[in-house]
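**Q** Have a look at this prediction, sequence included:
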Amino acid sequence: MRAFSALLVRELFAFFVTPLAWVLLVVFLLVQGLHFSLLVQHFSAAGEAGSDQSPVQAFFGNTAILYLVLFLLVPALTMRLFAEERRSGTLESLLTAPITATQVVLAKYMGALLTYLVLWLPTALYLVVLRQTGAIDWNAAATSYLGLALVGAAYLAVGLLMSALTASQFIALVLTALVMLALFIVGIGEFVATPGTPLYAVCHHVSMWSQMANFSSGIVDTRAIVFDLSIALTCLFVTVRVVDSWRQEARG
Amino acid sequence: MNAPRESRVPGPSRGRLVDLAAVVAAFVVLVLVNVVAARHWKRIDASTGGRWTLSPASLATLAALEEPVHVTLLFGASDPLGQSVRHTLEAYTAASRLVEVESIDPDRDPLAFEDVRRRYTLEAGRTADGRVIADASIVVSRGDRAWFIAASDLVEVSTGDDMRARPREERALTTAIRRVLSGDRTVACFSTGHGEASVDDSGAQGLEAFATTLKKSNVEVRSVMLANAASLEACSLVVVAAPREAFTKAEGLALEAFARSGHGVFLAIGPLLAESGILETGLEAFLEARGIGIDPTLVVETVADRVVAGSRGLRFRAEVAEHPVTTGLAESLASRPLVVIDLARTLRHVPSARGVSAVDLLHSSPQAFALRDLRDVGAWRDVPPRGPSDVPGPHALAMLAEEKVEGGKVARVVVVGSSAIVEARSFAEPVQSRGGAFLTESIVAFLGGELPIVDVPEKQEIAAGLRITDEARASIGRYVLLVVPGAFAALGLAIAWLRRSRGGVPRGKTS
């Protein structure tokens, strides 16, 4: 446990002292700020629109900008996790240290996940701003963040696995983005498939759009929780197997 | 050296096979777990006020279902209400397998939409941004019974300072399901036998457009003979639309008995023109008992900007009084459809023996007058001057009387002194001057006395828009685009400066 904690702290520290972290954070906040600002404009202009959606719902679930941000953010966060260690040659020392493959993988994963959550944290200030213009459904806001955490948990695990599968950060970034895009495209297939068919059921189950639409409305659906956690656990399991195979090779 | 290496070769190979099998097994487990989760799932409504949780009344309605109820959604992908309705319907389908939902996107699937449009005679049009919309957003059906839900039934948006919306999806859907189950709906009975046009007549003076509009509002339309009292038993209200002949005394009494039993009566009676002048309607006594006098006159409007060009003052824009029936049409609203009246007779307040007092719904301008002598009408080329025998305005053109009757019921009578308001041409007007058609729908809804379903409680209001000043919006923009990112950029720069001042060595590594 101590080794895990030390490794986790090292991961977080290594990230937040690099310019990449702050550039990523500032760009992320600029994009989210623009997203929020556009929504404020839309909702202040849509007085007679006959909509019953709230700005919180729209921010967390009903615009493509949210998914665009995730496509940029997650691969950038995970691309270096193993690929950087392999490039710089520090992987050998990590593998020969008295620490299990599971601890290595979990420490890196938790580091990425905590970083991801920290990046989202400042967006809570938007809700504080919004509160001054009217009531906010804080429960829906809380479930929205839960949804973001679950989606992030799944995608970061995919990114971690991709980083373990290649020595190139760029290829890891591209592979992660491709897998995320594939999942997203299958998900939006629910808008094309005929309801009631197996294809629709699969698309709806995988759909991140539906998932975030639910969470942003204050609905917690067990299907979404199981889907995200099962993706995360499966990817982590495979990553552990990959790292374990490196250890076995390293120990020769 | 070679021997040990050869002995290690099978090891990693076996290990890789085991790894491969474990990875395959993991993905199989991933699929199986999700299949199970998709079959046994639970939705937890964490929203404030339980917006997506069905009330006990709705659950009881669903529990009582014995055969499938089909719900057809006609929402485009970008419809602002589509998502809320789908969330609500998920709660319905989770509570009962007998609720079947079909979703048709009018923009993406025009053939399926056209099929539904024809099946239920829906009206469709396009919004400014090109979306296809219909006059019903949801059709709930069971067998040949259908109930239509319009977008305005699904949400009530307040336009006060704090932009709020009250969701009504559950109330609308539960009402619709109950209606298609019970068949309990407003029945509008159209009188026949006095030269009235048929409800199937699609000509310019026919009533088909009016009847179709009522059917879309979930009103059943029938034709009846007033003389046959038994035929009125199933009626919720009687509509006397555009008669050309007078009613008999017996028919007037039948209408009186019908109204006195707590029902509604809607009369759209213009001047009954004959060679001898304007005939009496035969319903004078019926109306006088309710404080309404109906005159054998013809209204001429003289205010130029109210008169339709070329109509010689006989077709004009009426002034609309404030009343729940005229909501959305009142003069005080800046943007409203205009109520255009054609060939109207005058109405007036008279003392009622039963103490009923009527209220005006429409009236002419004070400059209008009422003609008694129509002999020269054919010779007019323009708005005629008022003659000495003509009655100066303003004149009431539509009136409403309410009277409490036995059993705590209310008998409601609305009379409009023009037949044209219910004819097809009224429904074919451009939207900005289709107020007359909208008024007739409103009158029927009012007379039908559809009581809201009160056991499905109101949902909590939500903020659906922002009422903020331009200054506040600019301030929010500055805060989220400059202040927040700027603060974190400054923090990052401070950390970078600290690292440089320590010679680029992270503290963790120094220690």
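**A** Nice, thanks for sending it over. Quick caveat, the model's predicted, so the values are computed rather than measured. Numbering: from 1, shown residues only, chains lettered A, B, ... in the order given.
**Q** Which pLDDT value belongs to residue 13?
**A** Reading this off chain A. The model reports residue A:13 with a pLDDT of 82.
**Q** oops, I was thinking of chain B
**A** pLDDT at residue B:13 comes out at 65.
**Q** In chain A, where is pLDDT below threshold?
**A** For chain A, applying pLDDT under 70 flags the ranges A:1, A:45-53, A:134-135, A:250-252.
**Q** Which parts of it are strands?
**A** Ranges of strands in chain A, per DSSP state E, are A:219-221.
**Q** Same check on the stretch 1-150 of chain B?
**A** Under the criterion DSSP state E, counting those that start in this stretch, the stretch 1-150 of chain B contains strands at B:43-45, B:69-73, B:99-103, B:124-126, B:132-134, B:138-142, B:145-149.
**Q** roughly how far apart are residue B:414 and residue B:346?
**A** Counting by Cβ to Cβ, to the nearest Å, the gap between residue B:414 and residue B:346 amounts to 16 Å. (Each C-beta comes from the backbone N, C-alpha and C, glycine too.)
**Q** Buried residues of the biggest helix by length in chain B, list them for me.
**A** For chain B, the helix with the greatest residue count under DSSP state H is helix B:10-39. For helix B:10-39, burial by neighbour count (16 or more other Cβ atoms under 10 Å in any protein chain shown) applies to B:19, B:26, B:30, B:33-34, B:37-38.
**Q** Tell me the gap between that helix and the middle of its chain.
**A** Computed by Cα atoms, centre = their mean, to the nearest Å, the chain-centroid distance of helix B:10-39 equals 55 Å.
**Q** Just the CA coordinates for stretch A:210-219, please, in PDB.
**A** The C-alpha trace of stretch A:210-219 is given here as PDB (Å, rounded to 0.1, in the frame of the first residue of the first chain):
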ATOM      1  CA  SER A 210     -27.700   9.000 -23.600                       C
ATOM      2  CA  GLN A 211     -25.700   8.200 -20.600                       C
ATOM      3  CA  MET A 212     -24.800  11.800 -20.000                       C
ATOM      4  CA  ALA A 213     -28.300  13.000 -20.900                       C
ATOM      5  CA  ASN A 214     -29.500  10.800 -18.100                       C
ATOM      6  CA  PHE A 215     -26.900  11.800 -15.500                       C
ATOM      7  CA  SER A 216     -27.400  15.500 -16.300                       C
ATOM      8  CA  SER A 217     -31.100  15.100 -15.700                       C
ATOM      9  CA  GLY A 218     -30.500  13.600 -12.300                       C
ATOM     10  CA  ILE A 219     -31.100  10.000 -13.400                       C
END
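**Q** Any part of that stretch near chain B?
**A** Yes: Stretch A:210-219 reaches chain B (Cβ under 8 Å from any Cβ of the partner chain) through A:213-214, A:217-219.
**Q** just to revisit the earlier point, near chain A, list only the ones from the buried residues of helix B:10-39.
**A** Contacts with chain A within the buried residues of helix B:10-39, as defined by Cβ under 8 Å from any Cβ: B:19, B:26, B:30, B:33-34, B:37-38.
**Q** Please tabulate the residues of stretch A:210-219 next to chain B in CSV, including the columns distance to residue A:125.
**A** Converted to CSV, these look like this (distance: Cβ to Cβ, whole Å):
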residue, distance to residue A:125
A:213, 24
A:214, 25
A:217, 22
A:218, 21
A:219, 25
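**Q** What's the PyMOL line that selects buried ones from those?
**A** Selecting only the buried entries of the residues of stretch A:210-219 next to chain B in PyMOL, with 16+ other Cβ under 10 Å as the criterion:
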select buried, chain A and resi 213+214+217+218+219
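**Q** closest to chain B among the residues of stretch A:210-219 next to chain B?
**A** Checking the residues of stretch A:210-219 next to chain B against chain B with Cβ to the nearest Cβ, the nearest one is residue A:218 at 2.9 Å.
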